[in-house]
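> fold the following.
(chains A and B)
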Amino acid sequence: MGCSASLPDRSSGRLAGPNSENGGASDAKNLRVKLVLLGDSGVGKSCIVLRFVRGQFDPTSKVTVGASFLSQTIALQDSTTVKFEIWDTAGQERYAALAPLYYRGAAVAVIVYDITSPDSFNKAQYWVKELQKHGSPDIVLALVGNKADLHEKREVPVQDGIEYAEKNGMFFIETSAKTADNINQLFEEIAKRLPRPAPSTTQQNP
Amino acid sequence: MSQLFDDRVPITPSTFDLIVIGTGLPGSVIAAAASTAGKAVLHLDTNQFYGGHFASLPLDDLFPFLNSHASPPSSSSTTTTTTTITGHDDYTALPLTRRLLYSDIETVTYAPQALAQHNPKRFYIDLSGPKVLFLADKATDLLWRSGVLPFLCFKGIEMKSIYDDIGELWNVPDSRVAIFKDKRLSLMEKNKLMRFFKLVWQHLEAATDEQGSEGNSESRKISDEDLESPFVDFLNRMELPHKIKSIILYAIAMVDYDQDNLEACKSILKTRDGIERLAVFYKSRLTNAPEAMIYPMYGHGNLSGVISRRAAVKGCVCAQRVPVAVLMDKDSGQYKGVRLASGQNLYSDQLVMDPTFKVPSLPISSPPDVIASPQVLTLYPEQDASIRAIQIGGSSAEVCPKGMFVVYFSVLCDDAKQGKMLLHDAMNALLKLALSGNPYDRTLDSEDAEVKPTLLWSMLYVQELSTDQQGYFLSTPMPDANLDYNDLIDSTAVGHTVDNFDDDGSDVDAPKGTE
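Coordinates of the predicted model:
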């Protein structure tokens, strides 16, 4: 994947490295990955990101407007760091208008459904198929059942999520952006599962 | 995505400031600019991909798309079925009809077996033909200002060539170092070229100084008289040798037509405009990037996609695969809004449409003009019109499988026969046809011959270029014949607030609740 972009940095007239590559790992110790969130409108994709990046939860947020790109770095026990460049959908999925470029080149896709909505679970499966068709071959897929705090309204059994994820080689977790339950675990687990670049190859240049 | 999204939820809200139909580059820019300015915008597309006539499509989607927008070979029966859908309300819904942009589509598969080894979805073909962005041009500037660059990847155009009179490809010496190193230029030619460039740079610097109001800049400037004269005459007065003139005219200033015969030439480039083009090139070079021209890694359609995404980030409501009709007031005949296939009515003050849509019975506008890394850019100065070619692919671009290339050719033509003849000539000069069906079959005698890339598949088509005529509704421009997007952005900016496009940094802000 990698990207040999040649855009100059405006102020200095020098080549801009960092924000012109997506999905490429910088080196074996400091990974940089593009992470996309997919799932039905209203399952809590942005809430998961906001909880993870800012530690906030806003129950009034309805449709994602104004945010599309956030990043957060986490450090793992083996002293590697992973910088997630998180692409939120900007609500484009609401009327079936999400561009494939959105998930193209992504190293990680987090597919979210709402455990109180079987419909959102169906859409999650649709996105899994879509990614298997069009995503990078070595993409890390995570299936996330969100709104786990609403267990009294649960309509998608945990077992259904586990089974579907297993069948499709995905990592599965149930989260609650509201209570922050399992949010950090989700991203840490993803970070551990990322394919590591071989130590000798330093740059992704062909 | 079909069945999953058929149970569509109605679009909310139902009233907007602006409705934009079509996600081509101009439509996307307008939607993003208006959304950034705080307007309520609805962005619709009948396709399920972004870009309209600016899209980059996989190989297997290309023909169906072109064909659905193509006029039938000859018997042009204009089926004007003005079926007005009259509802139970006060509006008349006029279904949009298509203006057919393409004609004479001709697809040839030279090596079916070789091609079948690859997934057709691995190719992205730009409908708008050979296009690039210059680092210092208006399109790049727009991308910078709108903050969408982190979502794009580019590949530099590594090599630029011109096809000369004796059928050889010439590397275009476009920098001081390249001029210096060029073995085909004599020392005298190099000096003349250097002197010419120096004159141009002095002129450009003087023009910049003038804005800061410095006194003695006039002497360093090229005279107004010269600026108004044909660029080719100016180059002649500079006593530049023929091949250098060709390079400047066709490979740097990118003129469309042969400038040597001024009487027959359809469009003469003035010195002023020629210098302007050199300036963009020069400034693109100044950026210290290794290449002056860049190509979006996943094809030009990506640009429309990221700009549409930008619009969404700014609160624009996006919907795809929605057939629409235009709503008119029954009594006054005034535009009111649109009606979706679902029957939902959506209202707006203004409507901007893709140029290929027509509203029957009302005369509407149809705006301007088509035509896109290791990569070559070639021109054929010996004909009336220049042929441009761009080669993208090899090891790093994402528009085709590794080791393969996508090559675009374009030429301006009056009729399909003439245009295709020119393009076939160009293809024959640069490519070898896979006749045996096995492109890897190298015969002995070709060993010391120049190795030309083998052509596996080709598609030729004609795209109509028409000029803007303002009508009842605003239409966006269609892809033009230029290599860059400058004219397109100019015509998009007319009457629209592209100035409002600057990124205010809120792209990385927290989501806010709407409604």
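
> which residue, other than its chain neighbours, is closest to B:Y91?
B:L327 (4.5 Å; C-beta to C-beta, 6 or more residues apart in numbering or on different chains). For every residue, glycine as well, the C-beta is placed using N, CA and C.

> report pLDDT for the closest residue to chain A within chain B.
Nearest residue of chain B to chain A: B:A319, at 3.4 Å (C-beta to the nearest C-beta). For B:A319, the model assigns a pLDDT of 90.

> go on, B:S436?
48.

> then A:R51?
pLDDT, read off for A:R51, is 92.

> got a list of what it touches?
Taking C-beta atoms under 8 Å, 6 or more residues apart in numbering or on different chains as the contact definition, A:R51 lies against A:F57, A:A177, A:A180, A:I183.

> what about the helix or strand where A:K34 lies, near chain B?
Taking DSSP states H and E as the definition, A:K34 sits inside strand A:30-39. No: between strand A:30-39 and chain B, judged by C-beta under 8 Å from any C-beta of the partner chain, nothing touches; the nearest distance is 9.9 Å.

> what pairs with that strand, parallel or antiparallel?
strand A:81-87 (parallel), strand A:108-114 (parallel) (DSSP bridges).

> and that strand, which residues are buried?
Of all the residues in strand A:30-39, those buried under the rule 16 or more other C-beta atoms under 10 Å in any protein chain shown are A:L31, A:R32, A:V33, A:K34, A:L35, A:V36, A:L37, A:L38, A:G39.

> from those, pick the one nearest chain B.
Closest approach to chain B among the buried residues of strand A:30-39 (C-beta to the nearest C-beta): A:K34, at 9.9 Å.

> roughly how far does the closest one sit from A:A106?
Using C-beta to C-beta, to the nearest Å, A:K34 is found at 5 Å from A:A106.

> how about B:D484?
Distance, B:D484 to A:A106, using C-beta to C-beta: 30 Å.

> between the two, who's got more neighbours?
A:A106 (25 against 20; other C-beta atoms under 10 Å in any protein chain shown).

> return the most buried member of the strands paired with strand A:30-39.
Among these, strand A:108-114 has the highest mean neighbour count (mean count of other C-beta atoms under 10 Å in any protein chain shown), at a mean of 27.

> buried ones in the helix or strand following it?
Sequence order places helix A:118-134 as the next helix or strand after strand A:108-114, per DSSP H and E. By 16+ other C-beta under 10 Å, the buried positions in helix A:118-134 come out as A:S120, A:F121, A:K123, A:A124, A:Y126, A:W127, A:V128, A:E130, A:L131.

> now, which of these lie close to chain B?
Answer for these near chain B (C-beta under 8 Å from any C-beta): A:K123, A:Y126, A:E130.

> closest to chain B among those?
Nearest member of those to chain B, counting by C-beta to the nearest C-beta, is A:Y126, at 5.0 Å.

> point out where the stretch 401-515 of chain B drops to low pLDDT.
B:434-451, B:466-473, B:493-515 (pLDDT under 70).

> just the helices in it please.
B:416-430, B:486-493 (DSSP state H, counting those that start in this stretch).

> which strands and helices sit next to the longest one?
Okay, so that is helix B:416-430. strand B:102-109, strand B:161-163, strand B:404-410, strand B:457-463 (3 or more C-beta pairs under 8 Å, 6 or more residues apart in numbering or on different chains; DSSP states H and E).

> indicate which one of the ones you listed is closest to B:L66.
Checking the helices and strands packed on helix B:416-430 against B:L66 by C-beta to C-beta gives strand B:102-109 as the closest, at 5.0 Å.

> distance to B:L278 added to the strands paired with strand A:30-39, as a markdown table?
Below are those laid out as a markdown table (distance: least, C-beta to C-beta, whole Å):
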| stretch | distance to B:L278 |
| --- | --- |
| strand A:81-87 | 38 |
| strand A:108-114 | 46 |
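
> can you lay out these as JSON lines showing mean pLDDT?
Below are the strands paired with strand A:30-39 laid out as JSON lines (pLDDT from 0 to 100):
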{"stretch": "strand A:81-87", "mean pLDDT": "91"}
{"stretch": "strand A:108-114", "mean pLDDT": "96"}
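
> least trustworthy helix or strand in chain A by mean pLDDT?
The helix or strand of chain A with the poorest confidence is strand A:69-75; it has a mean of 87 (mean pLDDT, DSSP states H and E).

> what segments of chain A are helices?
Ranges of helices in chain A, per DSSP state H, are A:45-54, A:118-134, A:158-167, A:183-193.

> and the strand or helix carrying B:R309, how far from the chain's centre?
In this structure, B:R309 sits in helix B:301-313 according to DSSP H and E. Centroid separation between helix B:301-313 and its chain, computed with C-alpha atoms, centre = their mean, to the nearest Å, is 16 Å.

> now swap in stretch A:104-111 and tell me
6 Å.

> okay, it in PDB with CA atoms only?
Provided in PDB are the C-alpha atoms of stretch A:104-111 (Å, rounded to 0.1, in the frame of the first residue of the first chain):
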ATOM      1  CA  ARG A 104      -9.600   1.700   0.400                       C
ATOM      2  CA  GLY A 105      -6.200   1.400   1.800                       C
ATOM      3  CA  ALA A 106      -7.400   0.900   5.300                       C
ATOM      4  CA  ALA A 107      -5.300  -1.400   7.500                       C
ATOM      5  CA  VAL A 108      -8.100  -1.800  10.000                       C
ATOM      6  CA  ALA A 109     -11.900  -1.700   9.600                       C
ATOM      7  CA  VAL A 110     -14.100  -1.600  12.700                       C
ATOM      8  CA  ILE A 111     -17.600  -2.700  11.800                       C
END
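
> residues of the helix or strand harbouring B:V280 that come out buried?
Element membership for B:V280, per DSSP H and E: helix B:271-286. Using 16+ other C-beta under 10 Å as the test for burial, helix B:271-286 gives B:T271, B:G274, B:I275, B:E276, B:R277, B:L278, B:A279, B:V280, B:F281, B:Y282, B:S284, B:R285.

> repeat for stretch B:123-143
Buried residues in stretch B:123-143, defined by neighbour count with 16+ other C-beta under 10 Å: B:123-143.

> for the strand holding A:K34, what is the average pLDDT?
Here the average pLDDT along strand A:30-39 is 91.

> how many degrees apart are it and helix A:183-193 in direction?
Here strand A:30-39 runs at an angle of 120 degrees relative to helix A:183-193 (axes from the mean of the first three to the mean of the last three C-alpha atoms, to 10 degrees).

> I'd assumed A:I111 was in contact with A:A124.
Yes: under the criterion of C-beta atoms under 8 Å, A:A124 makes contact with A:I111 at 4.9 Å.

> common neighbours of those two, please.
Counting by C-beta under 8 Å, 6+ apart, the residues touching both A:A124 and A:I111 are A:L38, A:G39, A:L143.

> now those residues in TSV, with distance to B:Y347?
What follows is those, written out as TSV (distance: C-beta to C-beta, whole Å):
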residue	distance to B:Y347
A:L38	32
A:G39	31
A:L143	40
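
> out of those residues, which one sits closest to B:F151?
Nearest to B:F151 among those, with distances taken as C-beta to C-beta, is A:L38, at 16.3 Å.

> OK, contacts around the residue lying closest to that closest one once chain neighbours are set aside?
Setting aside the residues directly before and after it, A:L38 is nearest to A:W127 in space (C-beta to C-beta, 6+ apart), at 4.3 Å. Contact analysis of A:W127 by C-beta under 8 Å, 6+ apart lists A:L38, A:G39, A:A109, A:I111.

> kind regards, and thank you for your time.
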